[in-house]
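*Asks:* 3D, please:
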Amino acid sequence: MPGIPFGLRRAFGLGALPFPALPVLAFLLSLSMAFPGIPWALPGDAGSCLWADGREVLYWYDPMYPNTRFDKPGKSPFMDMDLVPRYRDEGLGEGILIDPAMTQNLGVGTVRAKAGTLSMSGEYAASVAFNGYLTARVQPRADGFVSKTYALFPGDTVAEGDPIADITVPEWASDQSDYLLLRKQKADPGIIRGVREKLRLSGMPEEMLKEIDKSGRIQTTLKVGSPIAGVLTGLDVYVGMNADKGMTLAVVQGFDPAWVEALVPEKDILLATGKARITLPAYPGRVFPSSQSKVLPKADPGSRSVPMRFLVPNPDGLLIPGLTARVSLRATGGQGVLIPLQSLIDLGDEQRVITRAPDGSFVPKLVMAGPSSDGQVLILEGLSEGDEVVANGLFLIDSEANLRGALDRMRKPEEDPAAAPSGPAPAPAGAAPQEALPPASPVAPEGAGTDPHAGHQMP
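*Replies:* All right, here's what the predicted structure looks like:
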């Protein structure tokens, strides 16, 4: 019978009856009003059905496995539940419509995008270190031997000028004798000044030369002291040992100001331009200001972080190298539209949010995100102030949008969404299906009874 689907002819025993098409269709329409639970096939469309409420069904699916589609209703082969219909009118709009009861059950929540300035902040673990700019090596200026040492050991603190060792320089005796003789003979002042300069260049400090001028006696003992205040990190001097010119007797490292070093994640590198606040667990409630900060030009590829160094005044010596510290950074990330960070879906090559349209539908939008901090992200393009974005239940709606093709329409707005294929995609000829699934058994509607023509061929 032309014009009447084979399924309906079989269901109502109309296989060989020569009824005109229009009266039969009117009869079937009255039956659809009497039996609202029966799906009716659309003529000429093998991939769609018209449900009793007049909505066109594209396919059925299991909500737990939404990417697997079935062409008829029934029980899910995966779960002990009925398959759910997917209607055509759910996927033709700009967004997707979801039952309000379902959104409430899923805990879907939205917030409005607001314009503002992103305040960026971060707190990072740090440690106190010696000031590498304040490092001194103690070396004698002339060859001699150590005649005296002082009670010092690596780790001791020394002040500027504190003695470390006394060195006797025998060669200075003859040079000083010549100098004193010229002074006694009241030789030409130019000659005396030349000899005195020679003594200074041989390594005699100015203090020793003044003492020679004052006392008129030979001075051969050189007191070697620390040129800076700091900590002895190296000491190699003993009484009686030879001390050659250029030999390192001690190493002193300063820590006023001290260094505070921290590793800052590369995503927070913009914070390096802001203010630093340094605290130490050893001194609760006390804040140490940083006078200078610097980003070192070498990133750690393992931790994806960048070392930062802070210069902190340490006049009291409280910042002992090796102590742990916390560095708090605060800066401004720019102005724009702010949304919660959890509202952003960042896939690397694409960033998007789910917005709620005035009609209640959920619409995915491509955006360009900027820096983020404290749970907020700055949106540079794609959103306007006042737009309503999904903050809770985001990925459930995003997967639903992907299933219904809303994301494809978002990426290609120039295409007509109604022209996109709506039913299950057929497998190419000769190609194996992507996954072998057991067919779903149709569920007979209540009151439909058994088919009296079951097992018989219908023309």
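*Asks:* now the helices for this structure?
*Replies:* 6-12, 21-34, 100-105, 172-184, 189-201, 206-215, 394-403, 406-411 (DSSP state H).
*Asks:* how close does the residue sitting furthest away from the middle of the chain get to Ser291?
*Replies:* Most distant residue from the mean C-alpha position of the chain: Gln185, 81.0 Å away (CA atoms, centre = their mean). The spacing between Gln185 and Ser291, counted by CB to CB, to the nearest Å, is 57 Å. From N, CA and C alone the C-beta is placed, and that goes for glycine too.
*Asks:* leaving out sequence neighbours, find the closest residue to Asp387.
*Replies:* What sits nearest to Asp387 in space, not counting adjacent residues and going by CB to CB, 6 or more residues apart in numbering, is Ala113, at 4.6 Å.
*Asks:* burial count for that neighbour?
*Replies:* The number of residues packed near Ala113 is 22, by other CB atoms under 10 Å.
*Asks:* the one 3 residues further on now?
*Replies:* With neighbours defined by other CB under 10 Å, the count for Gly116 comes to 13.
*Asks:* what about the closest residue in space to Leu134 that isn't next to it in sequence, neighbour count?
*Replies:* Closest residue to Leu134 apart from its sequence neighbours, by CB to CB, 6+ apart: Gly254 at 2.9 Å. Other residues near Gly254 number 21, with proximity taken as other CB under 10 Å.
*Asks:* how about low-confidence regions in the chain?
*Replies:* The model of the chain has pLDDT under 70 over residues 1-54, 66-67, 88-95, 395, 398-459.
*Asks:* make it 50
*Replies:* Across the chain, the ranges flagged by pLDDT under 50 are 1-22, 24-25, 28, 31, 35-47, 52, 92-93, 413-459.
*Asks:* any idea how far the residue nearest the centre of it lies from Val377?
*Replies:* Centroid check for the chain by CA atoms, centre = their mean gives Lys267 as the closest residue, at 5.2 Å. Lys267 sits 12 Å away from Val377, taking CB to CB as the criterion.
*Asks:* what do those two both touch?
*Replies:* Pro371 (CB atoms under 8 Å, 6 or more residues apart in numbering).
*Asks:* what's the domain layout of the chain?
*Replies:* 1-91+422-459, 122-131+255-333, 142-243 (automatic domain parsing).
*Asks:* which ones are touching Gln335?
*Replies:* 115-118.
*Asks:* in ChimeraX, select just the buried ones from those.
*Replies:* Burial among the contacts of Gln335 is assessed by 16 or more other CB atoms under 10 Å; the matching ChimeraX selection reads:
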select :118
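*Asks:* could the contacts of Gln335 go into TSV alongside distance to Asp71?
*Replies:* Formatted as TSV, the contacts of Gln335 follow (distance: CB to CB, whole Å):
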residue	distance to Asp71
Ala115	49
Gly116	51
Thr117	54
Leu118	50
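*Asks:* before we move on, the earlier item: ramachandran coordinates for the residue nearest to Leu134?
*Replies:* phi -90, psi 160 (degrees, to the nearest 10).
*Asks:* Arg356 is in contact with Pro364, correct?
*Replies:* No. Between Pro364 and Arg356 there is no contact, the gap being 11.1 Å when judged by CB atoms under 8 Å.
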